[in-house]
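1. fold the stuff below for me.
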Amino acid sequence: MKKYGIILICALPFLVSAQSFKDYYKSQKQGMDANQQTDEASEFNSWRQQQEQEYDSYKKALQEEFQVFRKTLKEEMEKYQNSIGENWDEIEVSDAKKWVEYSDDRKTKRVVDYDKNEIRIHVIERKGQDATRVMEDALKDMLREKQETAFKREPVMSKVEKKLSKEQVVLKGKPSEKLVLSELFEKPKPTKEEVDKKAWDFLKKAQIKRGVAKKSSAQAEGSEVMVVTIPLPKTRVSKKAEQYRKTIAQYAGKWDINEPLVLAVIHTESAFNPMATSYVPAYGMMQIVPRYAGKEVAEKLWGKAKLLSPSYLYDAEKNIEVGTVYLSILYHRYFRKVKDSESRLFCSISAYNTGAGNVARAFTGKRNLNKAIPTINSMTSQQVYDHLRKHLPFEETRHYVQRVSKRMKAYQDL
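-> The predicted structure follows:
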């Protein structure tokens, strides 16, 4: 016993009683816990600081890329329009419902006008040139042109795309290899003979007019302008809609959005023009604005805002996905407190065109949506629709909600 006592005293010379040992252990443990908590807090603060720095850096890169995007778009569009104006009286460029291309020398212009449902080919006739042959070749080339090729030929977008270099904040894509005018053929990849036959069939119905060009560059060559107008089949829109029906159904189901609503929005925005663009700028069949709808959808899908580039939005399937997700954001987030489902639908349709803030303005005169919701909920769905038709800030949106609503019913009946 004496041996063990010596060992105990050497090991713990300060140990007096069992109670004092418990106090000692407790105090040591509290000290260790406090040190651990201090270390953990320090680590967390370092991590949080790093995250904030990364976020600020990301946000700065995103803003810089949007600035490059806007600046390049403006500069390249001015150059493009100036080059057109050297040869043509009317500067005609692509928009939401019009696909316009020029030859490299700007002497031939070809237009698919989706609103008028026709193709127009304009040729500045030159001495020693067979203008009819030029027109025929232009028509055949247009009929066999892929969406991917159309994007590469578009001088403004292709140059904008090259300027977007910060991969961490920009999403790029690849436009489809489908034909721009695929709805005019029975097969997705028509043969050369089938394209030639379609061209001849169209030319039989074409109207040809000639007139003297007013531009001095054309007059200097003693040139006239030949304009060929070709009507497109009345079934064009329905056939195009059918081609994308499966994709629309997939994303509408995934994001809990009515399929006829997506179809009606596409029809109203672009008449199913896969090369649709606008000055806003907005791109693709659902006319996605990168700075607004594009950023919100990116946050929803990938957890952070991104710049959806033109090449990404000219991929028709991605465009449909982005547009459908944005409709879902409007319906299920912004207007979730609107009790009547039809009233919520009318508000979401309007907001797709003009933004949720302008929908709020229609009811209260201010952009605060939370203050507008009680007013909306105090109305019937018909009263909400009538109010939007009368009080939305912009005439375009007042017509928009009407057109989409009517077309939605039409697609529901199909």
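2. how close does W200 get to V123?
-> Distance, W200 to V123, using C-beta to C-beta, to the nearest Å: 18 Å. Glycine gets a C-beta too; all of them are placed from N, C-alpha and C.
3. neighbour-wise, which of these two wins?
-> The residue with more neighbours, out of W200 and V123 and counting by other C-beta atoms under 10 Å, is V123; that gives 25 against 12.
4. what's across from the more buried one in the sheet?
-> In this structure, V123 bridges to T108, M226 when assessed by DSSP bridges.
5. show me what contacts it?
-> With contacts defined as C-beta atoms under 8 Å, 6 or more residues apart in numbering, V123 is in contact with 107-109, 131, 134-135, 138, 225-228.
6. possible to save those residues as a markdown table with distance to K98, pLDDT and neighbour count?
-> Supplementary listing: the contacts of V123 in a markdown table, determined by distance: C-beta to C-beta, whole Å; pLDDT from 0 to 100; neighbours: other C-beta atoms under 10 Å:
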| residue | distance to K98 | pLDDT | neighbour count |
| --- | --- | --- | --- |
| K107 | 20 | 93 | 22 |
| T108 | 16 | 95 | 21 |
| K109 | 12 | 96 | 22 |
| A131 | 23 | 90 | 20 |
| V134 | 21 | 94 | 19 |
| M135 | 19 | 95 | 22 |
| A138 | 16 | 97 | 21 |
| V225 | 19 | 92 | 22 |
| M226 | 20 | 93 | 19 |
| V227 | 15 | 95 | 16 |
| V228 | 16 | 96 | 22 |
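7. which pair in the residues you listed spans the largest distance?
-> K107 and V228 (14.6 Å; C-beta to C-beta).
8. how about the nearest residue to F346 once chain neighbours are set aside, secondary structure?
-> Nearest in space to F346, with sequence neighbours left out and distances taken as C-beta to C-beta, 6 or more residues apart in numbering, is Y385 at 5.0 Å. Per DSSP: H, G, I helix; E, B strand; the rest coil, the secondary structure class of Y385 is helix.
9. hang on, Y385 packs against K406?
-> No - between Y385 and K406 there is no contact, the gap being 11.3 Å when judged by C-beta atoms under 8 Å.
10. which residue of these two possesses the greater neighbour count?
-> Using other C-beta under 10 Å, the more surrounded residue of Y385 and K406 is Y385, with 21 against 11.
11. how near is that one to N82?
-> Distance of Y385 to N82, given as C-beta to C-beta: 45 Å.
12. residues in contact with the helix or strand hosting I208?
-> Using DSSP states H and E, the secondary-structure element containing I208 is strand 207-212. Here strand 207-212 makes contact (C-beta under 8 Å, 6+ apart) with 125, 219, 224-229.
13. let's see that with 7 Å instead.
-> Here strand 207-212 makes contact (C-beta atoms under 7 Å, 6 or more residues apart in numbering) with 224-229.
14. likewise for stretch 339-353?
-> Contacts to stretch 339-353, defined as C-beta under 7 Å, 6+ apart, come from residues 265, 326-327, 330-331, 334-335, 338, 359, 376-377, 379, 381, 384-385, 388, 392, 397, 400-401, 404-405.
15. what about the helix or strand harbouring K390, average pLDDT?
-> With elements taken from DSSP H and E, the one containing K390 is helix 381-391. Per-residue pLDDT over helix 381-391 has a mean of 98.
16. quick check: Q287 touching M275?
-> No - at 11.8 Å, Q287 does not count as touching M275 under the criterion of C-beta atoms under 7 Å.
17. please report the distance of the most centrally placed residue in the chain from R333.
-> To find the centre residue of the chain, average its C-alpha atoms and take the closest one (C-alpha atoms, centre = their mean): that gives I288, at 2.5 Å. The span separating I288 from R333 equals 17 Å under the rule C-beta to C-beta.
18. what separates F272 from K98, distance-wise?
-> For F272 relative to K98 (C-beta to C-beta), the value is 13 Å.
19. please apply the same query to D105.
-> Here the criterion is C-beta to C-beta. By it, D105 lies 22 Å from K98.
20. three-state assignment of the residue lying closest to E296 once chain neighbours are set aside?
-> What sits nearest to E296 in space, not counting adjacent residues and going by C-beta to C-beta, 6+ apart, is I329, at 5.9 Å. What three-state DSSP gives for I329 is helix.
21. which parts of the helix or strand harbouring V401 are buried?
-> Using DSSP H and E, the element containing V401 is helix 395-413. Residues of helix 395-413 classed as buried: 397-398, 400-405, 407-408, 411 (neighbour count, 16 or more other C-beta atoms under 10 Å).
22. which pair of those spans the longest distance?
-> Taking every pair in these and measuring C-beta to C-beta, the maximum separation is 21.5 Å, between R398 and Y411.
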